[in-house]
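Asks: what shape does this take:
(chains A and B)
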Number of protein chains: 2
Amino acid sequence: MSTFKERLAGAVERHESLVCVGLDPVPERLPAGISRDAEGIAKFNHRLIEATADIACCFKPNFPFYGALGAPGFEALKKTIDAVPDDVPVLLDCKVGDIGSTADRWAHMVFVELGADAVVVNPYMGTDALTPFLEYEDRGVFVLCHTSNPGAAEFQRLSLDGAPLFEHVVRKTLEWDETHNNCGIVVGATQAGSMARLRRLAPDLPFLVPGVGSQGGDLQGAVSDGLRADGAGLLINASRSIIFASDGADFPEAARQAAETLRQQINSVRKGRSIAQSG
Amino acid sequence: MSTFKERLAGAVERHESLVCVGLDPVPERLPAGISRDAEGIAKFNHRLIEATADIACCFKPNFPFYGALGAPGFEALKKTIDAVPDDVPVLLDCKVGDIGSTADRWAHMVFVELGADAVVVNPYMGTDALTPFLEYEDRGVFVLCHTSNPGAAEFQRLSLDGAPLFEHVVRKTLEWDETHNNCGIVVGATQAGSMARLRRLAPDLPFLVPGVGSQGGDLQGAVSDGLRADGAGLLINASRSIIFASDGADFPEAARQAAETLRQQINSVRKGRSIAQSG
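Replies: Next up is the predicted model:
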């Protein structure tokens, strides 16, 4: 079986896209005509996926948006993941990590029960809390590094030997990637200062970049600073700005338009940089 | 409604117990005669709860042991939480945290959909990633601080701006508790060096202490160093050593015996300390 990095690279190339569509639906924001429950969410997602699958490089459902609806929500998540075409990877966001025997159950839930291609994990508990995920070597493991929210300042930027905690995390992630070749990191688009520095530290890792949509991060700066030498290496995530682009019956078209606009904005930065490099 | 701390104190006093029973079942270890699926897990837990509810101060199911079984696992978790008598609190372990709108969904899942009394969260993303949990002021929020696993050395003990990361976490938790009066911390029983120091830093917080059972932590040292001045303030968690105490049909009696032995071991340290203090 191919690796996650290969499947992601395939989708990036075929769709000329670094757009990751975040599937974080809440019942009260579903458009009129769709039932405001777990079944409605599965339908809503299905139509969003049909409308955007050829312009996304990845879909990223976030677990608690489904778990909050109980067992039917879990089923809706499973249907959602099944609805994504095989050539576009699914990254399940849950930001977990635990001692080995428990992490083993999380990994089973994410990779076997739900069939996701990749996961977002939290590094706080260290290597043995992530090993059960890393050992699925055909799947991807994105490690929280420097996140997009205000609270990122509180622990992630505490300093040791001149380096913030999040740099210690990226160094450790590079070790894990050396062994398993399936790691990425999470770097918020709102973290203007650190994107370029993290790319220098980790020239090859894929970066999952939240924070460009509703959270207001600087898209152009994040893409320009974060691109890998090959012009890829980023998953620019937008959730609410795509999936709730319209609250009417035209929501699939509106979502497609929002995703397409984001794709073009990103690609114009990519193109600019490749011209600058060849010039 | 009473606070989590009040409900916990009530169970501790009535049952003269600091024993937290971890409900982390896996289908392949269920005793003969119980089906090895989600339904079997709900039955297994029900009998464990009946057998131990009067000697536990808390029950702690760990989410992925249920999530790994899909939607039926989610139902089994709900049934398990419902089966716990009202006078014993339920702490749902999931070790999560995320930006506000997502953490809001986690908190809804844990406190509303599943009806747990308390949760375990991960501090890496900072205050705003935990606020949606903290705002349920009648529920408890246990923050990972110094965990019981080997990987705890990698980030938690890094000396950042002059103190190990886990001490920054406990100081922040004290601020959150100041505002919301519903916090605790997680301190592994295997972390001999830090238990006493953390108790000095946080004289009043409840500590959830994993690592005394199958993980081999020093029970006597952990209790002696971690007890609060009032002789309580600890939830000593044991999972596998209680729930899998027998793999035969006598598993409820064996679990009860294991929990009772742990209760007595803990209480002899509590008694020893109260004699030492009054002598």
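Asks: against chain B, how distant is the closest residue to A:A238 other than its chain neighbours?
Replies: Spatial nearest neighbour of A:A238, excluding adjacent residues (CB to CB, 6 or more residues apart in numbering or on different chains): A:G213 at 3.7 Å. Heads up, the C-betas are built off the backbone N, CA and C, glycines and all. Note on A:G213: its distance to chain B, by CB to the nearest CB, to the nearest Å, is 12 Å.
Asks: likewise for A:F155?
Replies: On the measure of CB to the nearest CB, A:F155 and chain B end up 6 Å apart.
Asks: what of A:P25?
Replies: Taken as CB to the nearest CB, the span from A:P25 to chain B is 10 Å.
Asks: report how many residues lie close to that residue.
Replies: Applying other CB atoms under 10 Å in any protein chain shown, we find 27 residues neighbouring A:P25.
Asks: quick one: the helices in the stretch 151-279 of chain A?
Replies: In the stretch 151-279 of chain A, the segments counted as helices under DSSP state H, counting those that start in this stretch are A:165-180, A:192-201, A:219-226, A:240-243, A:251-278.
Asks: out of those, nearest to chain B?
Replies: Judged by CB to the nearest CB, the one of those that comes nearest to chain B is helix A:165-180, at 6.1 Å.
Asks: hmm, that closest one in reach of chain B?
Replies: Yes. Using CB under 8 Å from any CB of the partner chain as the criterion, contacts between helix A:165-180 and chain B involve A:165, A:168-169, A:172.
Asks: related to what we said a few turns ago, tell me which of the helices of the stretch 151-279 of chain A sits most buried.
Replies: Of all the helices of the stretch 151-279 of chain A, helix A:240-243 carries the top mean neighbour count, a mean of 22, counting by mean count of other CB atoms under 10 Å in any protein chain shown.
Asks: geometric centre of chain A: which residue is closest?
Replies: Residue closest to the average C-alpha location in chain A (CA atoms, centre = their mean): A:L208, at 4.8 Å.
Asks: measure it to chain B for me?
Replies: 13 Å.
Asks: again with A:G126
Replies: Distance, A:G126 to chain B, using CB to the nearest CB: 2 Å.
Asks: next up, phi/psi of that residue, please.
Replies: In terms of degrees, to the nearest 10, the main-chain angles of A:G126 are phi 90, psi -170.
Asks: now A:K79: closest residue in space, sequence neighbours ignored.
Replies: Counting by CB to CB, 6+ apart, A:A42 is the residue found nearest to A:K79 once chain neighbours are left out, at 4.4 Å.
Asks: one more: A:C145?
Replies: Nearest non-adjacent residue to A:C145, counting by CB to CB, 6+ apart: A:I185, 4.1 Å away.
Asks: quick check: A:D54 is in a strand.
Replies: No. A:D54: not assigned to a strand; according to DSSP: H, G, I helix; E, B strand; the rest coil it is coil.
Asks: was I right to think it contacts A:A11?
Replies: No. Here A:D54 lies out of contact with A:A11, judged by CB atoms under 8 Å, at a distance of 9.8 Å.
Asks: quick one, which of those two is more surrounded?
Replies: Neighbours were counted for A:D54 and for A:A11 using other CB under 10 Å; A:A11 has more, 21 against 16.
Asks: for A:P61, see how far away the more buried one is.
Replies: A:A11 sits 16 Å away from A:P61, going by CB to CB, to the nearest Å.
Asks: got a list of what the residue nearest to the centre of chain A touches?
Replies: A:20, A:60, A:91, A:120, A:142, A:184-187, A:235, A:237 (CB atoms under 8 Å, 6 or more residues apart in numbering or on different chains).
Asks: cool, and A:M195?
Replies: A:M195 is in contact with A:187, A:189, A:207, A:221-222, A:225-226, counting by CB under 8 Å, 6+ apart.
Asks: need the max-distance pair from those residues.
Replies: Using CB to CB, these reach their maximum pairwise distance at A:F207 and A:G221, which is 13.5 Å.
Asks: verify the stated contact: A:S246 with A:A254.
Replies: Yes. Checked against CB under 8 Å, the pair A:S246 and A:A254 is within contact range at 3.4 Å.
Asks: now do the strands in chain A.
Replies: For chain A, the strands defined by DSSP state E cover A:19-23, A:58-61, A:91-96, A:118-121, A:140-146, A:159-160, A:163-164, A:183-187, A:207-209, A:234-238.
Asks: sorry, back to before: drop anything exposed from the contacts of A:L208.
Replies: The neighbour count (16 or more other CB atoms under 10 Å in any protein chain shown) marks A:20, A:60, A:91, A:120, A:142, A:184-187, A:235, A:237 as buried among these.
Asks: can you check the pLDDT for the residue nearest to A:C145?
Replies: Looking at A:I185, its pLDDT stands at 98.
Asks: how far away is it from B:I242?
Replies: From A:I185 over to B:I242 the distance is 38 Å, taken as CB to CB.
Asks: and the residue nearest to A:C145, bridged to which residues?
Replies: A:V143, A:F207 (DSSP bridges).
Asks: and it, what does it touch?
Replies: A:142-145, A:169-170, A:173, A:198, A:202, A:205, A:207-208.
Asks: any chance of these in a markdown table, with pLDDT too?
Replies: Conversion of those to a markdown table gives the following (pLDDT from 0 to 100):
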| residue | pLDDT |
| --- | --- |
| A:F142 | 98 |
| A:V143 | 98 |
| A:L144 | 98 |
| A:C145 | 98 |
| A:V169 | 98 |
| A:V170 | 98 |
| A:T173 | 98 |
| A:L198 | 97 |
| A:A202 | 98 |
| A:L205 | 98 |
| A:F207 | 98 |
| A:L208 | 98 |
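Asks: JSON lines for those, including distance to A:K271?
Replies: Shown next, in JSON lines, are those (distance: CB to CB, whole Å):
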{"residue": "A:F142", "distance to A:K271": "26"}
{"residue": "A:V143", "distance to A:K271": "30"}
{"residue": "A:L144", "distance to A:K271": "30"}
{"residue": "A:C145", "distance to A:K271": "27"}
{"residue": "A:V169", "distance to A:K271": "32"}
{"residue": "A:V170", "distance to A:K271": "28"}
{"residue": "A:T173", "distance to A:K271": "29"}
{"residue": "A:L198", "distance to A:K271": "23"}
{"residue": "A:A202", "distance to A:K271": "24"}
{"residue": "A:L205", "distance to A:K271": "23"}
{"residue": "A:F207", "distance to A:K271": "19"}
{"residue": "A:L208", "distance to A:K271": "22"}
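Asks: for chain A, name the helix or strand with the lowest mean pLDDT.
Replies: strand A:159-160 (a mean of 88; mean pLDDT, DSSP states H and E).
Asks: who does that one pair up with?
Replies: strand A:163-164 (antiparallel).
Asks: rewinding a little: contacting residues around the least confident helix or strand of chain A?
Replies: Contacts with strand A:159-160, where a contact means CB under 8 Å, 6+ apart, come from A:165, A:168, B:158-161.
Asks: excluding its backbone neighbours, what's nearest A:N237?
Replies: In this structure, A:N237 finds its nearest non-sequential neighbour in A:C20, 4.2 Å apart by CB to CB, 6+ apart.
Asks: need the pLDDT of that neighbour.
Replies: 98.
Asks: quick one, what contacts it?
Replies: Residues in contact with A:C20 (CB under 8 Å, 6+ apart) are A:56-60, A:91, A:208, A:235-238.
Asks: and A:A238, by the same measure?
Replies: With contacts taken as CB under 8 Å, 6+ apart, A:A238 has the following neighbours: A:19-22, A:212-213, A:258-259, A:262.
Asks: quick check: it vs A:V223, distance?
Replies: Using CB to CB, A:A238 is found at 13 Å from A:V223.
Asks: off-centre distance for stretch A:212-224?
Replies: Stretch A:212-224 sits 14 Å away from the centroid of its parent chain (CA atoms, centre = their mean, to the nearest Å).
Asks: actually stretch A:82-92, sorry about that
Replies: Stretch A:82-92 has its C-alpha centroid displaced from the chain centroid by 12 Å (CA atoms, centre = their mean).
Asks: repeat that for stretch A:13-23.
Replies: On CA atoms, centre = their mean, the centre of stretch A:13-23 falls 10 Å from that of its chain.
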